[in-house]
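In: here is the input, now give the coordinates:
(one chain, ligands or ions: 1)
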Amino acid sequence: MSSREMLPFNAAAAVPDAANLLTGLSALVQCQNSAELQQKLVGWLAELGNCALVQLYLLDASHSRLPLCCQWLDGQLGGEHGEDGLTAPLLAYSLSQNTPLQLDELDRSLHATPFLPASSAAWRSLLCQPILDRRQQVGGLLVLASRARGLGRALTLPLDMVGNIALAQLHAMQQAELALQAPDLPLPEPATASKLGSFGLIGESPAMQQVYRLISKVLHNPVTVLLGGETGTGKELVARAIHDYGSRRSQPFIAQNCSALPEQLLESELFGYRKGAFTGADQDREGLFDAANGGTLFLDEIGDMPLALQAKLLRVLQEGEVRPLGSNQSHRVDVRIVAATHQDLFSQVEQGGFREDLYYRLSHFPISLPPLRERGSDIRQLALQFTQETCTFLQRSHCRWSDTALAYLATQRFPGNVRELKGLIARALLLCDGNLLLPEHLDLPNTPTQAHRLTLREQLEAVERNLLNEALQQHNGNQTLTARMLGLPRRTLLYRMQRLGIALRSRSQAQCLPK
Ligand SMILES: Nc1ncnc2c1ncn2[C@@H]1O[C@H](COP(=O)(O)OP(=O)(O)OP(=O)(O)O)[C@@H](O)[C@H]1O
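Out: I've put the predicted structure just below:
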C-alpha cells in the first residue's frame with residue numbers, strides 16, 4: 001500500500017507547491033472588488049485543502065460581532081446571512097485567544113454545530129485559523145472543515161500567512177470602495193509612525209508589545225482584569241481600550257476612583273440605594289454596577305477601597321449580584337470589572353489592608369504597565385505625538401524638536417510617567433515662541449541651556465540606557481539572555497547597568513505578567 005493510500009485524507013492534493021501558492025495569491029490581489037476577493041479566497045482554499053467547507057468570518061467595526069462573510073460548501077458559494085461566529089464558543093475561543101485550532105479526529109456523530117452546516121456525512125476534521133490585520137490584531141477567522149480525518153495534518157499551506165495577506169488586501173479594497181461611495185469624505189489618514197501603537201495606545205517598545213498581547217487576550221471575554229503600574233503609566237487608558245476594542249464596546253464604560261469618596265458615599269454610588277435607606281434618600285437610585293450593566297466598570301485605586309466594601313465587591317464578582325443599600329433583595333448584573341492600582345496589592349494583603357480572597361479573585365488576569373523609563377524609544381514617539389496634539393489644541397503652528405532637546409528628554413526618569421511627559425510638553429510649547437523646541441523650553445531640573453548642551457558622552461549614555469532597557473524587557477529581565485543577545489559577558493552587562501543607573505526588575509514585578 002502506498003503512503004498516500006494509508007492516509008485517511010488526500011494529503012497529496014492538500015500540499016501546494018510554491019507555484020500554486022503564488023498563482024493563488026496573485027489571483028487574490030488582482031480581484032476587482034472585496035466581494036470577489038472573499039469568494040476567490042474561500043474557493044481557492046477549498047481546492048488547496050481539498051475540503052468541503054471553507055468559511056471566512058470578519059470582525060465588524062465595533063469588534064462586537066464576527067459575521068460569516070463568505071462560505072464555500074460543496075462547491076457552492078454562500079454565507080450571505082452573516083451568522084455571528086462569536087455565538088459559537090469554539091470560534092469565540094480561537095478568536096479571543098488568537099489561537100489556531102486543529103481537530104483532526106472529530107467524533108463520527110458530528111453532523112452540525114452552531115457554525116458547521118448540517119451534513120448527512122459527519123464532519124471529521126476541522127481547522128480554525130485566526131487572521132491578523134496589518135497592525136497584527138486579530139481581524140477574523142478562517143474555518144476549514146472536511147468529512148475526512150486529518151485535514152490539519154495534511155494541510156501544509158501557511159494558512160495564517162495566506163489569511164493575513166488576504167485580509168490586508170481586503171481592508172485596502174474596502175477602504176477604496178468606501179471612498180468611492182462617499183467621494184466627498186476624505187479617506188482616513190494612513191497610520192503615521194506615532195499612531196502605530198495598538199488599541200489607540202502609543203508605543204512600540206517590547207514592554208508595550210507585551211501589554212498589547214495581554215490586552216488582546218481579554219477583549220472578547222468578560223474576565224476580570226487587574227491593572228498595575230506606577231501613577232501616570234496609562235492604566236485608565238488601557239481600561240478604556242479593553243472596553244472600546246472588546247465585545248462590550250456598544251455598552252457603557254463607567255469609571256470610579258475608589259479613593260475619591262468616603263466609604264458610605266462610595267457604597268451608595270456603587271451599589272445604589274432604596275428610598276428611605278438613610279436620611280436624604282428620598283427616592284430609589286441605581287448604582288454604578290447597574291449603570292454599567294452589559295458593559296465595563298473601571299475601579300481605579302482599588303487598593304484604597306474600604307474593607308467592608310471589599311466584601312461586597314467580592315460578592316458581586318462571585319455571584320454576579322448586587323444588593324442596593326436599604327434593600328433586602330439582590331438582582332443580577334452583567335458587568336466586566338477592570339480594577340487598577342499603583343500600589344503593591346499583595347503587600348497590602350500581607351499587612352491586612354486588603355482582603356486576600358478579593359486579591360486572588362481580582363488578579364486572575366493582571367496586566368502590569370511599564371514605567372516610562374523602561375520604555376526606551378517610546379518617549380520620543382510619545383513626545384512627537386503629544387507635541388502634534390498640543391499644537392492643534394493650542395491652535396498654533398506646528399513645532400519641531402531640536403535633536404538636543406529630544407535627546408535630553410530621553411535621559412529623564414519621569415516619576416510622573418506619561419502624564420508628566422504630557423504636561424512637560426504642554427509647558428514647553430507655551431514657553432516656545434518660535435517653532436523649534438530647545439532644551440531651555442523644557443522646565444526640568446538641570447535642563448541644559450544653550451551654554452550647557454548635553455555632552456557627546458551624555459547623549460551616548462542615554463542611547464545605551466534605552467538599548468539596555470529594551471533588551472532587558474525583551475528577555476523579561478533575564479540578564480544572561482540579555483547579555484547573550486547583546487554579545488556581552490554578563491558581568492559587563494551588570495557593570496553597564498550599574499553605571500547607567502538601571503535598576504533590576506523585582507521578581508514580583510516580573511511575575512505579575514502572565515506568559
Ligand atoms: N501609551 C499611551 N499612549 C498615549 N497616551 C498615554 C499613554 N499612556 C498614558 N497616556 C496619557 O497619560 C495620561 C495618564 O494616563 P492614565 O490616567 O491612564 O494613567 P494612570 O496610570 O491611570 O494614572 P493614575 O495611576 O494616576 O490613575 C493620560 O493623559 C493618558 O492619555
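In: how about the longest helix anywhere in the chain: buried residues?
Out: Counting residues, the longest helix found in the chain (DSSP state H) is helix 159-181. For helix 159-181, the neighbour count (16 or more other C-beta atoms under 10 Å) marks 159, 162, 163, 164, 165, 166, 167, 168, 169, 170, 173 as buried. Backbone N, C-alpha and C define where each C-beta goes, glycine included.
In: where does the nearest residue to the fifth one once chain neighbours are set aside land in three-state SS?
Out: If you skip the residues right next to it in sequence, residue 165 has residue 25 as its closest partner in space, 6.2 Å away by C-beta to C-beta, 6 or more residues apart in numbering. With DSSP: H, G, I helix; E, B strand; the rest coil as the basis, residue 25 sits in helix.
In: correct me if wrong: residue 25 contacts residue 163.
Out: No: with contacts defined as C-beta atoms under 8 Å, residue 25 does not count as touching residue 163, sitting 11.5 Å away.
In: any regions of this protein where pLDDT drops low?
Out: 1-16, 61-64, 135, 154, 156-157, 179-197, 444-456, 459, 504-515 (pLDDT under 70).
In: roughly how far apart are residue 151 and residue 127?
Out: 6 Å (C-beta to C-beta, to the nearest Å).
In: likewise for residue 150?
Out: 11 Å.
In: so which of the two has more stuff around it?
Out: More neighbours surround residue 127 than the other of residue 150 and residue 127, with 23 against 19 (other C-beta atoms under 10 Å).
In: what residues does the stretch 351-500 of the chain put near the ligand?
Out: 418, 419, 422 (C-beta under 6 Å from any ligand atom).
In: can you lay out these as JSON lines showing secondary structure?
Out: Below are those laid out as JSON lines (three-state DSSP):
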{"residue": "418", "secondary structure": "helix"}
{"residue": "419", "secondary structure": "helix"}
{"residue": "422", "secondary structure": "helix"}
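In: of those residues, which is the most crowded?
Out: Most surrounded of these: other C-beta under 10 Å gives residue 418, at 25 neighbours.
In: around the ligand, pick out the residues from this protein.
Out: Counting by C-beta under 6 Å from any ligand atom, the chain sits next to the ligand at 201-203, 229, 231-237, 300, 342, 418-419, 422.
In: pull out the buried members of those residues.
Out: By 16+ other C-beta under 10 Å, the residues of the chain next to the ligand give 201-203, 229, 232-237, 300, 342, 418, 422 as buried.
In: quick one, what contacts the nearest residue to residue 341 once chain neighbours are set aside?
Out: In this structure, residue 341 finds its nearest non-sequential neighbour in residue 303, 4.3 Å apart by C-beta to C-beta, 6+ apart. By C-beta atoms under 8 Å, 6 or more residues apart in numbering, the contact set of residue 303 is 258, 341, 342, 343, 345, 348, 353, 354.
In: wait, the third one touches residue 227, no?
Out: No: shown here, residue 342 and residue 227 do not form a contact pair, counting by C-beta under 8 Å, at 9.5 Å.
In: mutual contacts of those two, please.
Out: residue 235.
In: in this protein, which residue sits nearest the ligand?
Out: residue 234 (2.6 Å; C-beta to the nearest ligand atom).
In: can you name the residues that contact that residue?
Out: 201, 369, 417, 418.
In: tell me the one of those residues nearest residue 431?
Out: For these, the minimum distance to residue 431 (C-beta to C-beta) is 20.4 Å, reached by residue 418.
In: contacts only, for that closest one.
Out: Residues touching residue 418, when contacts are defined by C-beta under 8 Å, 6+ apart, comprise 232, 233, 234, 372, 382.
In: count the residues that sit near the last one.
Out: Residues within reach of residue 382, counting by other C-beta under 10 Å, total 23.
In: quick check: the gap between it and residue 371.
Out: 13 Å.
In: let me see the domain layout of this structure.
Out: Domain ranges of the chain: 3-180, 206-368, 372-511, per automatic domain parsing.
In: the stretch 301-450 of the chain: strands as residue ranges?
Out: 321-322, 331-332, 336-341, 365-368, 400-401, 436-437 (DSSP state E, counting those that start in this stretch).
In: tell me which of those approaches residue 222 most closely.
Out: strand 336-341 (4.5 Å).
In: direction included, what does that closest one pair up with?
Out: Applying DSSP bridges, strand 336-341 is found paired with strand 225-228 (parallel), strand 296-300 (parallel).
In: what's in contact with that strand?
Out: By C-beta under 8 Å, 6+ apart, strand 336-341 touches 222-228, 235-236, 239, 242-243, 248, 295-303, 316-317, 362.
In: over to stretch 464-476?
Out: Contacts of stretch 464-476 (C-beta under 8 Å, 6+ apart): 205-207, 210, 370, 373-377, 410-411, 478-479, 481-482, 485-486, 493, 496-497, 500-502, 505, 510, 513.
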